[in-house]
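K.L.:
have a look; sequence and predicted model below, questions after that.
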Amino acid sequence: MTATETPDVLAPAQLGPVKLRNRVIKAATYEGLSHKSLVTKDLVDFHVAYARGGVGMTTVAYCAVAKEGRTDRHQIYWTDEAMPGLRTLTEAVHAEGAAVAAQIGHGGPVASPKANGAPALAPSKHFHATAMRWTHETSVADIGRITEAHAEAARRAASAGFDAVEVHLGHNYLASSFLSPRINHRTDEYGGSLENRARFARDIMRAVHDAVGGRIAVVAKMNMDDGVPGGFWLDEAIPVVQWLEQDGTVDALEMTAGSSLLNPMYLFKGDAPLKEFADVMPQPIKLGVKMVGKRFLHSYPYRDAYLLEDARQIRAAVKLPMILLGGITGRSVMDLAMREGFEYVAMARALLREPDLINRLRDDEATPSLCIHCNKCMPTNFTGTRCVLVDRTTTRHATWGTSAGYVG
């Protein structure tokens, strides 16, 4: 791409059928602000802040496609009761001039059996270290049911006014765990070869694409690297994204990394906030984090655009529009992404620190990000996701969990 072809990251852009006011997307970060799987005023306020702050699109995370796919007992899933609140949320974001996406998926082996009252599912029997119990092997009937649940979630997202769905194929959630040779030990048509291990993810994307019929954009969020020995890696990610491109089911790709099941810090880079995680965990998990947390929550050096090197190889392999995630902090990094051929950027921690960062970058492109990558925002989703340098206690207001706190 020549300099004259390099797009302005803050100029309007097209994402599938949706026009965005700029190319900056607030990445999905579980907010911890829904209650009893319903939208709260706090959740609306959370996303309105990013819309008001200038992003092109904000992403609501994480909206499970089935009750047993939730990773938290208060997580939203696509019930009739949730729909009015979701419509209120999308209308509020639109009123600020931004688009809004719903991240949809199934937690699979990362889901919470205790909260869901149902076993966690995995492609093969797997020990759920957090829940201290074994997962159940996903049956072929489960695969069909969950594939259709993704389609229904996408239909409902369109009905609720969302401009896009981001389908979660990463972090060893269910579809990602099928891709992983470390977790998937099946011998049927969903295991063994890469083509078989990718079958579930491709079927999900076809179902979602067909369900929305071009009314809203479809984004796939997929791992490049699980960050664990024997896991899914870049050499397999490249052919999978090429298959998705051939299938014609995706408007854009957001490439990610790491395993919420086996190595969660691999995505985030920077310090591992062991004390903060232990402080919010119930026993005996609290004790486990204090004793052996360093074996699970590793620290990795942080640098800006830290996923670029791998994502560049995906960029060279497909013509699909791509969203660069990971260490997007300021205008210089955004411009680098545009020069490298990415169409959009996704930001999370920098915006948690400063929801109005995009507006300020528009006024002065030299504006520095104040995020210090301490990762202490990570454990806050148990009490309302936030930057602890700004909101020191909680982003849940007094109405959270009461009848006055719901919307819709």
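P.N.:
Perfect, thanks for sending it.

K.L.:
tell me the helices in the stretch 151-300 of the chain, going along the chain?
P.N.:
Applying DSSP state H, counting those that start in this stretch to the stretch 151-300 of the chain gives helices spanning 174-179, 194-197, 199-212, 234-247, 265-268, 274-280, 285-296.

K.L.:
low pLDDT regions in the stretch 151-300 of the chain?
P.N.:
Confidence mapping of the stretch 151-300 of the chain against pLDDT under 70 gives the ranges 284-285, 292.

K.L.:
and stretch 335-344, which residues are buried?
P.N.:
Residues 335, 336, 337, 338, 340, 341, 342, 343, 344 are the ones in stretch 335-344 that count as buried (16 or more other C-beta atoms under 10 Å). Where you see a C-beta, it was placed from the backbone N, CA and C, and this is true even at glycine.

K.L.:
what does it rub up against?
P.N.:
1, 3, 6-9, 13, 15, 20, 23-25, 56, 252, 305, 308, 311-312, 315, 321-324, 328, 345 (C-beta atoms under 8 Å, 6 or more residues apart in numbering).

K.L.:
of those residues, buried ones?
P.N.:
Neighbour counting by 16+ other C-beta under 10 Å classes 7, 9, 13, 15, 20, 23-25, 56, 252, 305, 308, 311-312, 315, 321-324, 328, 345 among those as buried.

K.L.:
tell me which of these fall in strands.
P.N.:
Counting by DSSP state E, those place 13, 15, 20, 24, 25, 252, 322, 323, 324, 345 in strands.

K.L.:
tell me who's in contact with the last one.
P.N.:
With contact set as C-beta under 8 Å, 6+ apart, residue 345 has these partners: 9, 23, 24, 25, 323, 324, 325, 328, 333, 334, 337.

K.L.:
any chance of these in CSV, with pLDDT and distance to residue 40 too?
P.N.:
Below are the contacts of residue 345 laid out as CSV (pLDDT from 0 to 100; distance: C-beta to C-beta, whole Å):
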residue, pLDDT, distance to residue 40
9, 98, 32
23, 98, 30
24, 98, 25
25, 98, 23
323, 98, 28
324, 98, 31
325, 98, 27
328, 98, 28
333, 98, 33
334, 98, 32
337, 98, 33
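
K.L.:
can I get these in CSV with distance to residue 218?
P.N.:
Listed next are these as CSV, based on distance: C-beta to C-beta, whole Å:
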residue, distance to residue 218
9, 22
23, 17
24, 19
25, 14
323, 13
324, 18
325, 17
328, 22
333, 26
334, 24
337, 21
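
K.L.:
got a list of what the closest residue to residue 238 other than its chain neighbours touches?
P.N.:
Of all residues not flanking residue 238 in the chain, residue 317 sits nearest, at 4.9 Å (C-beta to C-beta, 6 or more residues apart in numbering). Residues near residue 317 by C-beta under 8 Å, 6+ apart: 238, 241, 242.

K.L.:
compare these and tell me which is most surrounded.
P.N.:
residue 241 (22 neighbours; other C-beta atoms under 10 Å).

K.L.:
hang on, residue 253 packs against residue 241?
P.N.:
Yes - with contacts counted by C-beta atoms under 8 Å, residue 253 reaches residue 241, the gap being 6.0 Å.

K.L.:
so what sits against both of the two?
P.N.:
Shared contacts of residue 253 and residue 241, defined by C-beta under 8 Å, 6+ apart, comprise 222, 314, 318, 320.

K.L.:
now those residues: which count as buried?
P.N.:
For the shared contacts of residue 253 and residue 241, buried by 16+ other C-beta under 10 Å: 222, 314, 318, 320.

K.L.:
mind listing the strands for this protein?
P.N.:
Using DSSP E, strands in the chain cover 13-15, 18-20, 24-26, 57-64, 99-105, 121-122, 127-128, 133-134, 136-137, 164-169, 217-225, 252-257, 322-325, 344-347.

K.L.:
any idea how far the residue lying closest to residue 405 once chain neighbours are set aside is from residue 47?
P.N.:
Of all residues not flanking residue 405 in the chain, residue 399 sits nearest, at 3.6 Å (C-beta to C-beta, 6+ apart). Counting by C-beta to C-beta, to the nearest Å, the gap from residue 399 to residue 47 is 17 Å.

K.L.:
for those two, indicate the residue with more neighbours.
P.N.:
Neighbours per residue, other C-beta under 10 Å: of residue 399 and residue 47, the larger number sits with residue 47, 24 against 14.

K.L.:
so the more buried one touches residue 89, yeah?
P.N.:
Yes - with contacts counted by C-beta under 8 Å, residue 47 reaches residue 89, the gap being 6.4 Å.

K.L.:
intersection of neighbour lists for the two?
P.N.:
What both residue 47 and residue 89 touch, as defined by C-beta under 8 Å, 6+ apart, is the set 60, 100.

K.L.:
one step back: out of the contacts of residue 317, which one sits closest to residue 113?
P.N.:
Ranking the contacts of residue 317 by separation from residue 113, with C-beta to C-beta as the measure, puts residue 241 on top at 31.6 Å.

K.L.:
wait, isn't that closest one in contact with residue 224?
P.N.:
No - assessed by C-beta under 8 Å, residue 241 is found out of contact with residue 224, at 9.0 Å.

K.L.:
where do the contact lists of those two overlap?
P.N.:
Shared contacts of residue 241 and residue 224 (C-beta under 8 Å, 6+ apart): 255, 314.

K.L.:
same list (the strands of the chain) but as TSV, adding distance to residue 201.
P.N.:
Output for these, formatted as TSV (distance: least, C-beta to C-beta, whole Å):
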stretch	distance to residue 201
strand 13-15	21
strand 18-20	23
strand 24-26	21
strand 57-64	17
strand 99-105	11
strand 121-122	15
strand 127-128	21
strand 133-134	24
strand 136-137	18
strand 164-169	5
strand 217-225	8
strand 252-257	12
strand 322-325	17
strand 344-347	20
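
K.L.:
alright, calling it a day.
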